[in-house]
Each structure stands twice: as C-alpha cells, then as structure tokens.
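# Predicted model and sequence below, questions to follow.
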Amino acid sequence: MSRRLTWALVVLATVIGTVVPLAPTLYVSWRLALSAQQEQLDAYALRVLDHIDAVYANAESALRTIAATPFPPCSPQQISAMLQITEEALSVVNIGYGAGDVVECNSWGPLTYRLERAQTQVEQPDGIGLSLNWRPTNFGTDRALLILRLHGYSVLVDQRQFFNAWETPNPYTISGVRTRGGLPIYASYRDQDRPAPPEVGDASVEKVSRNWAVTVRQPRITFQDHLQANRAVLLPLSAAIALLSAASGLLVLRQQRSPRGELARALKNGELVAHYQPIIELATGRCIGAEALVRWPRADGSQTPPDMFIPLAEETGLIGRVTDRMLAAVVEDLGDLLRNDPHAHVSINLSAADITTGRILPVLERVLDGSGIQPRQIWLEATERSFIDVDGARTTLLELRRRGHRTAIDDFGTGYSGLNYVQNLPIDLLKIDRSFITAINTEAPTRDVTPYIIAMGHELKLQIIAEGVETENQAEYLRAQGVSFAQGWLYSKALPAAAFIVFWAARRR
Ligand code: C2E
Ligand code: CA
Ligand code: CA
C-alpha cells in the first residue's frame, strides 16, 4: 500500500469514526427526547383528566344527593340542605332550584329577583343536563360556570377548577377541556382567558374519559431542553468514540510508518530486490558465481543499506521473509543462467534464525523443487552467530550438505571463537572478512593475522573466499597464499541481475 493511500485511509477512517458515531447520537438523542416528551405529556394529560373527572364526580354526587332529599323544593329544610351540600362539596359553588325558566331559590335562600335559568346544552346519557360557560349578568360573578341539572335542581361549578389541576410551575398548558360531544368549556368567561392556540413545534396530546376530553400541550422549548440534556450525555460519548477511532487510525499509521512497518510493507510489495556480486576464481580470473545481496531501493531513488535494515529484520522477526524473498529472487533472476551452467552457483546469506530453527530446509526444498536448479548451485553463508546453538546448527548444516548444498562461514575472523566452530561443524568454505583483506600490505595490526587465517583454512581443508578485494596487489597476495576465490570492487560491485548476466557471459570465456 502506498503511503498516500495509507494516509487517505487513515483520514477516511478518522472522518468515518467521527461522523458515524455522531449521526446516530444526534438521532438517538432526538428520539430519546421525543419519547421522554411523549411520556411526560401522556402522564400529565392523564392526571389532568383524573382531576376533571373528580371535580365533576363531586358535583354530580352533590346533585344526586340534593335531588334525593324528601323536603319540598325551596322549603327552609331544603334550602339548608342545599347550603350544607354546597359547603361540603368542594367543587360546588351554589345549588339552585327552579321548576321552570327562572331560579326560585338557591343555597342562600329564596330568590328576591328574577334570575333566568341556564339553558341545558347537553343531555348526558345518565340524565344529567349540562350548561357550559354560563355567566348570568346579574349573578355577581365574572366566572364561567358549569351547571349540572337534574329534576329542577342545578349544581353550579366554577369552571376554573377544571384547569387548576397543578399549581406548581410546569411546562404544560391545558389547551382544551371539552365534553365528550366536543363542546369546549373555558377557564373564564372572558375571551382572552381562552387557551392560546398551539404554536408550530408544540407537542400536544388528548385524553378522553367517560364524560370529558382534555388536550394538553407542551411548548417546543421543553422539547429542546430534553434534547439538550440528552446531547449533553451522548455527545461526549460519541466524541470519545470518534477520538478513539482517530487514535487507532493514527496508531495504524504510526505502525505503518515505523521502520518495521516500512520493511514489512516493502516485503509485502516485493520492493526488496537482489543484486549479485561476482565471485572470481583467483587462479583463472573466471567468474564462478555470485553472492546475492539484498537491496532496498526507495521511492526517492535512494537505497537503504542492508547494514541498517538486516539487524532490524533480525530483531523484529522479519528476517525469515527477507531470506525467502532472496531465494525467490535468485530463482527468478538467475534461474536460466543456473540451469544452463550447472557449475554456476549463487551464495545466499542466511540469518541465525534460519539455521538454528532449520526453517530454511523446507523453504529451500520448496523453492528448488522442479526448478531445474541443483542444490549444489546454491551456497549458503552463515555468520558465527548462527552457530551459538551448536546442535541446532549442526543438524541444519548436515542436512544442507546431505542435499548437496555448500555451506560457508561468513565474516570469518571477526568472531572470537571461529576455530572451535569450524572444526566441529560441517562447513565447506570460509569467507575471510574484508577487514583482513584491507589490512594486506599495510601497517594495520591485523595484517599479521591474515596469513594465519588462510593457513587455518588450508589446515581444515576448506576452500577460502576473500571478501572486499579492492586492489590487484591484494589479489596477487591472496593468489600467492593459495586462496581459491575472491570478490570485491576490484572485479565488480554487486550488480543488478541483468548486468550480472552480462558480466557472467564475459567472465566465463
Ligand atoms: P556481507 O555478507 O559480508 O556482504 C558483503 C558486503 O561487502 C556487501 O555489503 C558488499 O556490497 C560489500 N562489498 C563487497 N565488495 C566490497 C569491496 O570491495 N569493498 C567494500 N568496501 N565493500 C564491499 P552490503 O551489500 O551492504 O551488505 C552488507 C551486509 O548486509 C552483508 O555483509 C550481510 O551481512 C548483510 N546482507 C546483505 N544481504 C543480505 C541478505 O540477503 N540476507 C542477510 N541475512 N543478510 C544480508
Ligand atoms: Ca555474505
Ligand atoms: Ca562478509
């Protein structure tokens, strides 16, 4: 994955991680506010309706009580009964009696002036007649009264009682009280005391009982309060989720951009390639093969030196994949060359892990199987570090040799106990480290060591390869000392496959 694409994905993940939790949050808070509003409104409407029913039931029971008294209408006993009931029944303002169109007496006594009886507007199924919003001009009140009527008796109820369900401040308005038949009753007779018409965005609910219907309204402002309260909880939550997803996106990016991440990506994308440094037979000057050296060309044209990323690969467990990649590259790049010339070989650098665990064995088998390349054409180089687990190393090296591969000890002379290992391990070749070659014919203190190392190789019947040969002078010295092979800038740097094939063709003749 290219870095730009990775960035784009991270940005996308962050945006999605921010928006995706946010949208449901807003929706959920809206739904929660809505259902909270609905619930509260329902509950309030039912309470109001209960109250209205109670007021009415109180008046109705007063009416039935007075209608059932045995006294003659407007007799002193009857009038005192009317007064007593009026005082006892909380809803009742007054009780009157009139068989015809006028009121003859009420709880205060016989009427001394002419008071017209209210016209019955609704006949209830239970026989009670109702007059709504009654306000006689000569009754001494501007309250609107509800009148319940039965057998000439009238019970007067202050209609405001229908509206004063809860005095405590609440966000709701009782926007309508009606009979079941739909006739509205008012809190007061004055028009301006009629409920305000609903506004857009208000929520309202209607509840209906046996005799009454009530509509309760909640202004939008309360809904906004709910919404805000919900968001106050949900928004930080979704912000946290968004932050988390952004952070994980950045973490992925950081991992991708870490050295290990970059190497893993390079391996995945096949960015690592093999270059081939020719190995020369000192006696003849002929090229006998090459060492495969890994190269990591970067997008900006630079190269990351293997000395920088091979240790990283070893530490982070990616080294096995580097080895596999190199093996595959050899088969791809030089398969034809190796098939055409069975004496040609390519040397591959193994890591300590490849050797001690033996994982290289099945890999080699798989890669070479059916490739037409002989095992003896693949040489394997290992440094002394690979031999720390002597038993593991011996098992692997023995098997490699059994199959026909040749094994070389790399950077020989730089480890402290080289001789010990070499004596006890199945090794065919010894690569003298460049530092001992550079020292030849110089004043460097190591210059005296070089002949010993060469002698040791002869003693152990190993073929010797000199690394880092840069001058004809060094080559001459090595040749005189009986060293078999050499590689170094004197002959060639590591070459891309195509260039190496050209070099090979020239140096084979
Ligand atoms: P090495 O195995 O000792 O490889 C030889 C190094 O010496 C190479 O460096 C090569 O380019 C360099 N060299 C060759 N001739 C001359 C010369 O005449 N003069 C000088 N100054 N240098 C010369 P390179 O390619 O940078 O590799 C460095 C090290 O990285 C290698 O040392 C090896 O330890 C490791 N390495 C390279 N490729 C691989 C690989 O595919 N797998 C593993 N495990 N390690 C590798
Ligand atoms: Ca090497
Ligand atoms: Ca070396």
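Okay, I see it. Ligands and ions are numbered 1, 2, ... in the order given.
# helix/strand/coil for Thr6?
Following DSSP: H, G, I helix; E, B strand; the rest coil, we place Thr6 in the helix state.
# so which residue of the stretch 101-250 of the chain comes closest to ligand 3?
Minimum separation of the stretch 101-250 of the chain from ligand 3 (Cβ to the ion) falls at Leu250, amounting to 40.4 Å. For glycine as for every other residue, the C-beta is placed from the backbone atoms N, C-alpha and C.
# All the helices of the stretch 201-350 of the chain, residue numbers only.
Assignment of helices within the stretch 201-350 of the chain using DSSP state H, counting those that start in this stretch yields the ranges 220-257, 259-268, 306-316, 319-340.
# Present those as CSV; the columns should include mean pLDDT and mean neighbour count.
Below are the helices of the stretch 201-350 of the chain laid out as CSV (pLDDT from 0 to 100; neighbours: other Cβ atoms under 10 Å):
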stretch, mean pLDDT, mean neighbour count
helix 220-257, 77, 15
helix 259-268, 91, 17
helix 306-316, 93, 15
helix 319-340, 97, 18
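# what's the nearest residue to the residue of the stretch 101-250 of the chain closest to ligand 3 if we skip its chain neighbours?
Val10 (6.7 Å; Cβ to Cβ, 6 or more residues apart in numbering).
# how deep is that neighbour tucked in, by neighbour count?
Using other Cβ atoms under 10 Å, Val10 has 20 neighbouring residues.
# and it, what is it in contact with?
Gly249, Leu250, Val252, Leu253 (Cβ atoms under 8 Å, 6 or more residues apart in numbering).
# 10 Å instead?
Neighbouring residues of Val10 by Cβ atoms under 10 Å, 6 or more residues apart in numbering: Gly17, Ala246, Ser248, Gly249, Leu250, Leu251, Val252, Leu253, Arg254, Gln256.
# do the same with Leu490
Applying Cβ under 10 Å, 6+ apart to Leu490 gives the contacts Ile280, Gly468, Val469, Glu470, Thr471, Glu472, Asn473, Gln474, Ala475.
# got the residues of the chain near ligand 1?
277, 293-294, 305-307, 310, 322, 326, 349, 351, 410-411, 434, 467-468, 470, 487-489, 494 (Cβ under 6 Å from any ligand atom).
# Mind giving me the PyMOL command for buried ones among these?
Isolation of the buried members of these (16 or more other Cβ atoms under 10 Å) is achieved in PyMOL through the command below:
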select buried, resi 277+293+294+306+310+322+326+349+351+410+411+434+467+468+487+488+494
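# Of the residues of the chain next to ligand 1, which belong to strands?
Of the positions in those, Gln277, Leu293, Val294, Asn349, Asp410, Asp411 sit in strands, assigned by DSSP state E.
# Surely the fifth one and Val422 touch.
No: shown here, Asp410 and Val422 do not form a contact pair, counting by Cβ atoms under 10 Å, at 11.9 Å.
# Now do the shared contacts for these two.
Joint contacts of Asp410 and Val422 (Cβ under 10 Å, 6+ apart) are Glu384, Leu430.
# CA atoms only: put the helix or strand Val363 falls within into CSV for me.
Here Val363, judged by DSSP states H and E, is contained in helix 360-368. C-alpha atoms of helix 360-368 as CSV (Å, rounded to 0.1, in the frame of the first residue of the first chain):
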residue,chain,number,x,y,z
ILE,A,360,15.4,-22.8,5.8
LEU,A,361,15.3,-26.5,4.9
PRO,A,362,11.6,-26.8,3.8
VAL,A,363,11.9,-23.4,2.2
LEU,A,364,14.8,-24.4,0.0
GLU,A,365,13.2,-27.7,-0.8
ARG,A,366,10.0,-25.9,-2.0
VAL,A,367,11.8,-23.3,-4.0
LEU,A,368,14.2,-25.6,-5.7
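# do the following helix or strand past that helix and ligand 2 meet at all?
For helix 360-368, the following helix or strand on the C-terminal side (DSSP H and E) is strand 378-382. Yes: against ligand 2, strand 378-382 shows contacts by Cβ under 5 Å from the ion at Glu381.
# What residues sit buried inside the helix holding Val363?
Across helix 360-368, burial judged by 16+ other Cβ under 10 Å covers Ile360, Leu361, Leu364, Val367, Leu368.
# and if you look at stretch 342-349?
Ala344, His345, Val346, Ser347, Ile348, Asn349.
# ok, and does it reach over to ligand 3?
No: Stretch 342-349 does not reach ligand 3 (Cβ under 5 Å from the ion); its nearest approach is 8.4 Å.
# what is the mean pLDDT for that stretch?
Across stretch 342-349, pLDDT averages out at 97.
# who are the neighbours in contact with Leu250?
Leu250 neighbours (Cβ under 10 Å, 6+ apart): Val10, Ala13, Thr14.
# which element follows the lowest-mean-pLDDT helix or strand in the chain toward the C-terminus?
Using mean pLDDT, DSSP states H and E, the weakest-scoring helix or strand in the chain turns out to be helix 418-424, at a mean of 73. Per DSSP H and E, the first helix or strand lying C-terminal to helix 418-424 is strand 429-432.
# What residues of that following strand count as buried?
Buried-residue list, strand 429-432, by 16+ other Cβ under 10 Å: Leu429, Leu430, Lys431, Ile432.
# In CSV, list these along with distance to Leu397.
Below are those laid out as CSV (distance: Cβ to Cβ, whole Å):
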residue, distance to Leu397
Leu429, 12
Leu430, 14
Lys431, 15
Ile432, 20
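# Relative to ligand 2, which residue of the stretch 401-509 of the chain is the closest?
Asp410 (4.4 Å).
# Nearest the middle, which residue of this structure would you pick?
Against the mean C-alpha coordinate of the chain, by Cα atoms, centre = their mean, the closest residue is Ser245 at 4.5 Å.
# Could you verify my assumption that it touches Val11?
No: applying Cβ under 10 Å as the test, Ser245 and Val11 come out as separate, 11.8 Å apart.
# Identify the residue spatially nearest to the residue of the stretch 301-450 of the chain found nearest ligand 3, adjacent ones excluded.
Closest approach between the stretch 301-450 of the chain and ligand 3, counting by Cβ to the ion: Asp411, at 4.2 Å. In this structure, Asp411 finds its nearest non-sequential neighbour in Asp433, 4.6 Å apart by Cβ to Cβ, 6+ apart.
# next one: Pro73
For Pro73, ignoring the flanking residues on the chain, the nearest one in space by Cβ to Cβ, 6+ apart is Tyr97 at 4.9 Å.
# What about that neighbour, how many residues nearby?
The local packing of Tyr97 (other Cβ under 10 Å) involves 23 other residues.
# what's the spacing between it and ligand 3?
With the distance defined as Cβ to the ion, to the nearest Å, Tyr97 ends up 127 Å from ligand 3.
# swap in Ser258?
Here the criterion is Cβ to the ion. By it, Ser258 lies 28 Å from ligand 3.
# and that residue, what does it touch?
Neighbours of Ser258 in contact, by Cβ under 10 Å, 6+ apart: Ala264, Leu312, Thr316.
# And Gly127, by the same measure?
Contact analysis of Gly127 by Cβ under 10 Å, 6+ apart lists Arg149, Leu150, His151.
# ditto for Ile185
Residues near Ile185 by Cβ under 10 Å, 6+ apart: 52, 130, 132-133, 144-146, 157, 159, 162-163, 176-179, 212.
# near ligand 3, from the residues you listed?
Within the contacts of Ile185, nothing lies near ligand 3 by Cβ under 5 Å from the ion.
# Any chance of the contacts of Leu250 in TSV with secondary structure as columns?
Shown next, in TSV, are the contacts of Leu250 (three-state DSSP):
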residue	secondary structure
Val10	helix
Ala13	helix
Thr14	helix
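# In this protein, where is pLDDT below threshold?
1-3, 18, 138, 140-142, 165-170, 187-202, 220-223, 416-419, 509 (pLDDT under 70).
# Show me which residues of it sit near ligand 3.
Near ligand 3, when you scan the chain using Cβ under 5 Å from the ion, you find Asp410, Asp411, Glu467.
# Can you check the contacts of Gly127 and name whichever has the most neighbours?
That'd be Arg149 among the contacts of Gly127, by other Cβ under 10 Å, with 23 neighbours.
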